[in-house]
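A.B. asks: How does the following fold in three dimensions:
(one chain, ligands or ions: 1)
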Amino acid sequence: MSILNYFSKDPDKRAGFIFDFIAPVYGLVDGVLESGYKSSIHLLNAEIDLNNMSVLDIGTGTGAWAAMFLKQSNSVQGIDFSQKMLAVSEKKHPGINFSIGNAEDLSEIADNSFDLVTASYVIHGVTADKRAKILSEMKRVSKKHVVIHDFVGRTPLFTRFLEFMERSDYKDFKKNFCKELQIMFPETKKIRSVQGSGLYLATK
Ligand SMILES: C[S@@+](CC[C@H](N)C(=O)[O-])C[C@H]1O[C@@H](n2cnc3c(N)ncnc32)[C@H](O)[C@@H]1O
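C.D. replies: Numbering: from 1, shown residues only. Just a heads-up that it's a prediction; the model follows:
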């Protein structure tokens, strides 16, 4: 993919370029995220029993978050629109079923297909209209639960720098996300908020 895509006005082209570009490095450093991911899963387990659930992880990247569900869940599937991220995740996590796709349009997946649909550090990067489409698709393909793991509160300087470079919509996301989730789902709950990261459970 050409570097010109980084300067594109089309946010999908820009994101595609960025995530393909950082995929090899992301795969090397995602272990750093692991301890935070583990404690989030621990707290999530206290809210809903993850045993034997079927899980769909959208924007799965190198699979670090999806892999957290492997121990308990019945099946774990990951979707991402970056071929290069998926190439890394397929090597790292053979137990997960990965496929290429855009989370804004999951029309190949039937309604109510998964017990749990989740996204970790995905929707902060997209504009409000895209967030609405993604949340709506997550809700449609989930039988009951949607879990969002993403930036909240005051994020570390390094994160802010990365988001600036990515030209993501994360400031608007942080301001409006809770309201957007409440509009989309009858029940929402903030499970955790620590060091600039939050864990939210939404129920259909
Ligand atoms: C910051 S990474 C997070 C990866 C992983 N979820 C984790 O927590 O380690 C964001 C991922 O979301 C993917 N992504 C962003 N928007 C997407 C979309 N509309 N459809 C599918 N994947 C998307 C990117 O390609 C990238 O792999």
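A.B. asks: quick one: contacts of the longest strand along the chain?
C.D. replies: As assigned by DSSP state E, the longest strand anywhere in the chain is strand 142-151. For strand 142-151, the external contacting residues (C-beta atoms under 8 Å, 6 or more residues apart in numbering) are 37, 40, 44, 48, 56, 65, 112-124, 135, 138-139, 159, 170, 173-174, 177, 181, 185, 196-204. Any C-beta I mention is one placed from the backbone N, CA and C, and that applies to glycine too.
A.B. asks: list the helices and strands the helix or strand of the chain with the lowest mean pLDDT packs on?
C.D. replies: Least confident element among the helices and strands of the chain, by mean pLDDT, DSSP states H and E: helix 157-166 (a mean of 75). Contacts defined by 3 or more C-beta pairs under 8 Å, 6 or more residues apart in numbering; DSSP states H and E place helix 157-166 against helix 11-29.
A.B. asks: The helix it packs on close to the ligand?
C.D. replies: Yes: Helix 11-29 is in contact with the ligand by C-beta under 6 Å from any ligand atom, via 15, 19.
A.B. asks: can you tell me the average pLDDT over that helix?
C.D. replies: When pLDDT is averaged over helix 11-29, the result is 83.
A.B. asks: ok, back up a step: mind listing what's buried in the longest strand of the chain?
C.D. replies: 142, 145, 146, 147, 148, 149, 150, 151 (16 or more other C-beta atoms under 10 Å).
A.B. asks: Then stretch 120-138?
C.D. replies: Here stretch 120-138 shows 120-126, 130-135, 137-138 as buried, counting by 16+ other C-beta under 10 Å.
A.B. asks: One more: stretch 42-56?
C.D. replies: Here stretch 42-56 shows 44, 48, 50, 53, 54, 55, 56 as buried, counting by 16+ other C-beta under 10 Å.
A.B. asks: what's the fourth one in contact with, if anything?
C.D. replies: Read that as residue 53. Here residue 53 is in contact with 69, 72, 73, 74, 114, 115, 116 (C-beta under 8 Å, 6+ apart).
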